[in-house]
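Engineer: 3D, please:
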Amino acid sequence: MPDDRDLRAQRNMHPKLRVFANCDAEVSAAKAEMQGCLKIVDPDLAARVPQRANAVAPHEASKRETAVKTLDTANRYGRVQVNVFVRSTKPLQRGPHERVLGGLAVKRMTIEEVDNLAGDPGTIFIEPADNLKHPRPIKGSTASKAPPRRGVDKKKQPHGDGAGVLIGIIDVEGFDWAHPEFMDQNGKSRFVTIWDQGARKGQRPTGYDYGRVIGAADMASAIVEAKQVQVSPHDLEPQSQMVVGSHGTHVASIAAGANGLCSKAEIAAVLVSLPDDDLARRTSFYDSTRLLDAVYYLLDLAAGRPISINISLGTNGHAHDGSSVLDRWIDTLLAEPGRSICIAAGNAGQERPEAPSDLGYMLGRIHAGSRIVAQGLDHVLEWEVIGDRIKDVSENEMELWYEPQDRFAISIRPPNGDWIGPIEPGEFLENFQLPDRTMLSTYNELHHPANGANYIAVYLTPFLSKTLVVGVTSGTWQI
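Structural biologist: Just a heads-up that it's a prediction; the model follows:
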């Protein structure tokens, strides 16, 4: 039987962290390809484990393997790191490259360190940083027109055109800082800095151990020299990602382009890295702690001048009630005057396919709600797992939040399978291997520390081992 400390640690740790702790280093290396909060420090380990691109469908896996369910002692020596948000009843000590704000903290830890911190009596809750999602908007109607431009009354709106204001843009795919939309009358870019978080070499920003800063002087020199050698300024000051028609450029032009809302504002940008390369995803962080770092970087850069920050990417997790650690943290930062932060609600809204092969609409249907009208009744949620229609090699997650006075049990039915459960409040099923080798984990928790609501988490994970990756069976799962 677990002792009181073990029970406290389980209650104080997010279910996903428990799943991570119940994997060996090889499985963690594969998970890091799908989980932005995991980083494999050992490059040899990251390279030798099969990648998602080599995944097979369940019916193609001829050799039966047993998933490893015990914590590998190699994890305890720093081969696998995880980024976590922490809430505590007492101020926490800050380690290298970590951040603390009273009882809130962002920490980079090994799995064993997370377990030890969860057992501390002062720890309220530890949650892993969330994956960031690419803002891939679906092109809709082109019939709309831009709103009419109006003159700015300087007396009533002293910063109405953005003069004297710093516009912060946190985005992806690169920034075309030399575009005519961002050039002033003197031929200089109104971008004053870009922190490229994905850059591997170059001058890092003060206090951070990753990325590269492209300053105003660097951009000005590149503009002059590019004309002399007849190349693009971006060839002389490259970014780790530079996509034609990038989302970052698009958003910056709306906010502060010559034809945008704040045409006189200076612009500071942070390029968040969402790597496509499998090995790069395993050996780097690409999670919501990067957003917090970006916010702090921009606020420090403003140094008291008015600043408005736009974040056009985010996550789909948590209760959407402002109770996550990241939400609370940003709320605290906004207590000082002269600051505003706008976070996108997301592009998850497409309800029907736009072409016979279009599966994007399934990614838009990510939220559902319902009522169970009386005690003793059931309600079935259909969960579409898509992948390539045969297998899915992503981490499929479902969160159910409901009122604290209610009690729900949960059962799961795979496509063409039998019901598993019911799993009652206070019970859980962890890394349970189904006949098709999908790894199922379900946690049914009461009174979540974040907001007091009840919380059910379900994870469908591919089978991961040292030699084999088997995708989750595509189809309709029932909850």
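Engineer: please count neighbours and contacts with C-alpha atoms only from this point.
Structural biologist: OK.
Engineer: so which residues of this structure form helices?
Structural biologist: Using DSSP state H, the helices assigned to the chain run over residues 4-11, 15-21, 25-31, 43-48, 111-118, 216-229, 233-236, 247-256, 278-282, 289-302, 325-333, 360-364.
Engineer: out of the ones you listed, which is closest to residue 433?
Structural biologist: helix 15-21 (13.0 Å; C-alpha to C-alpha).
Engineer: mind listing what's buried along the closest one?
Structural biologist: Within helix 15-21, the residues that count as buried by 16 or more other C-alpha atoms under 10 Å are 15, 16, 17, 18, 20, 21.
Engineer: tell me what residue 385 is bridged to.
Structural biologist: For residue 385, the beta-bridge partners are residue 475 (DSSP bridges).
Engineer: list the residues that contact it.
Structural biologist: Contacts for residue 385 were tallied using C-alpha atoms under 8 Å, 6 or more residues apart in numbering; they are 392, 396, 473, 474, 475, 476, 477.
Engineer: so the last one sits right up against residue 414, yeah?
Structural biologist: Yes. Proximity of residue 477 to residue 414 meets the contact threshold set by C-alpha atoms under 8 Å, at 4.8 Å.
Engineer: what is in contact with these two at once?
Structural biologist: With C-alpha under 8 Å, 6+ apart, residue 477 and residue 414 have no common neighbours.
Engineer: contacting residues around residue 88?
Structural biologist: 103, 104, 122, 123, 124, 125.
Engineer: for the stretch 1-150 of the chain, what spans make up the strands?
Structural biologist: 38-40, 80-88, 99-101, 104-110, 123-128 (DSSP state E, counting those that start in this stretch).
Engineer: residues making contact with the last one?
Structural biologist: Pointing back at strand 123-128 there. Residues from elsewhere that reach strand 123-128 (C-alpha under 8 Å, 6+ apart): 11-14, 16-17, 37, 82-89, 114, 117-118, 449-450.
Engineer: which one of the strands of the stretch 1-150 of the chain is the most hemmed in?
Structural biologist: strand 38-40 (a mean of 30; mean count of other C-alpha atoms under 10 Å).
Engineer: run a quick neighbour tally on residue 188.
Structural biologist: A count of nearby residues for residue 188, using other C-alpha atoms under 10 Å, gives 20.
Engineer: run through the stretch 101-250 of the chain and note the low-pLDDT ranges.
Structural biologist: In the predicted model, the stretch 101-250 of the chain carries pLDDT under 70 at residues 136-159.
Engineer: one more time with 90, if that's ok
Structural biologist: 102-103, 110-113, 115-116, 118-121, 131-162, 200, 207, 245 (pLDDT under 90).
Engineer: picking that back up, wait, which of the helices of the chain is closest to residue 464?
Structural biologist: Closest approach to residue 464 among the helices of the chain is made by helix 25-31 (5.6 Å; C-alpha to C-alpha).
Engineer: just the mean pLDDT for the closest one, thanks.
Structural biologist: What helix 25-31 shows for mean pLDDT is 86.
Engineer: distance from that helix to the middle of the chain?
Structural biologist: 19 Å (C-alpha atoms, centre = their mean, to the nearest Å).
Engineer: then it to PDB, C-alphas only?
Structural biologist: Output in PDB follows, covering the C-alpha atoms of helix 25-31 (Å, rounded to 0.1, in the frame of the first residue of the first chain):
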ATOM      1  CA  ALA A  25      13.900   6.600 -21.300                       C
ATOM      2  CA  GLU A  26      13.300   5.100 -24.800                       C
ATOM      3  CA  VAL A  27       9.500   5.500 -24.600                       C
ATOM      4  CA  SER A  28      10.100   9.100 -23.300                       C
ATOM      5  CA  ALA A  29      12.300   9.800 -26.300                       C
ATOM      6  CA  ALA A  30       9.500   8.800 -28.600                       C
ATOM      7  CA  LYS A  31       6.900  10.800 -26.600                       C
END
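Engineer: picking that back up, out of the contacts of residue 88, which one sits closest to residue 294?
Structural biologist: Nearest member of the contacts of residue 88 to residue 294, counting by C-alpha to C-alpha, is residue 104, at 17.1 Å.
Engineer: nearest to residue 217, of the strands of the stretch 1-150 of the chain?
Structural biologist: Closest among the strands of the stretch 1-150 of the chain, using C-alpha to C-alpha: strand 99-101, at 29.4 Å.
Engineer: and the contacts of the closest one?
Structural biologist: So strand 99-101 is contacted by 91, 92, 93, 94, 105, 106, 107, 329 (C-alpha under 8 Å, 6+ apart).
Engineer: what sits against the second one?
Structural biologist: If I follow you right, that is residue 92. Counted by C-alpha under 8 Å, 6+ apart, residue 92 has contacts 100, 102, 103, 104, 105.
Engineer: residues of stretch 112-122 that come out buried?
Structural biologist: Buried residues in stretch 112-122, defined by neighbour count with 16+ other C-alpha under 10 Å: 112, 114, 115, 117, 118, 119.
Engineer: now those residues as TSV including distance to residue 345?
Structural biologist: Shown next, in TSV, are the buried residues of stretch 112-122 (distance: C-alpha to C-alpha, whole Å):
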residue	distance to residue 345
112	35
114	31
115	33
117	33
118	31
119	35
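Engineer: looking at the helices of the chain, which is buried most?
Structural biologist: Most buried of these, by mean neighbour count (mean count of other C-alpha under 10 Å): helix 25-31, with a mean of 28.
Engineer: who's in contact with that one?
Structural biologist: Contacts of helix 25-31 (C-alpha under 8 Å, 6+ apart): 20, 38-40, 45-46, 49-52, 72, 74-75, 79-80, 282, 464-466.
Engineer: how long is stretch 404-411 end to end?
Structural biologist: 20 Å (C-alpha to C-alpha, to the nearest Å).
Engineer: now do that stretch: distance to the chain's middle.
Structural biologist: 28 Å.
Engineer: same thing with stretch 98-114?
Structural biologist: Relative to its parent chain, stretch 98-114 has a centroid offset of 17 Å by C-alpha atoms, centre = their mean.
Engineer: export it as PDB, just CAs?
Structural biologist: The C-alpha trace of stretch 98-114 is given here as PDB (Å, rounded to 0.1, in the frame of the first residue of the first chain):
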ATOM      1  CA  GLU A  98      13.700  28.900 -14.200                       C
ATOM      2  CA  ARG A  99      11.100  31.500 -13.200                       C
ATOM      3  CA  VAL A 100       9.300  32.200  -9.900                       C
ATOM      4  CA  LEU A 101       6.500  34.600  -9.100                       C
ATOM      5  CA  GLY A 102       5.500  34.100  -5.400                       C
ATOM      6  CA  GLY A 103       3.900  30.700  -5.200                       C
ATOM      7  CA  LEU A 104       4.000  30.200  -9.000                       C
ATOM      8  CA  ALA A 105       7.000  28.700 -10.700                       C
ATOM      9  CA  VAL A 106       8.200  27.300 -14.100                       C
ATOM     10  CA  LYS A 107      10.700  24.600 -13.600                       C
ATOM     11  CA  ARG A 108      12.800  22.300 -15.800                       C
ATOM     12  CA  MET A 109      13.200  19.000 -14.000                       C
ATOM     13  CA  THR A 110      13.800  15.300 -14.300                       C
ATOM     14  CA  ILE A 111      10.900  12.900 -13.600                       C
ATOM     15  CA  GLU A 112      12.400  12.000 -10.200                       C
ATOM     16  CA  GLU A 113      12.600  15.700  -9.200                       C
ATOM     17  CA  VAL A 114       9.000  16.200 -10.200                       C
END
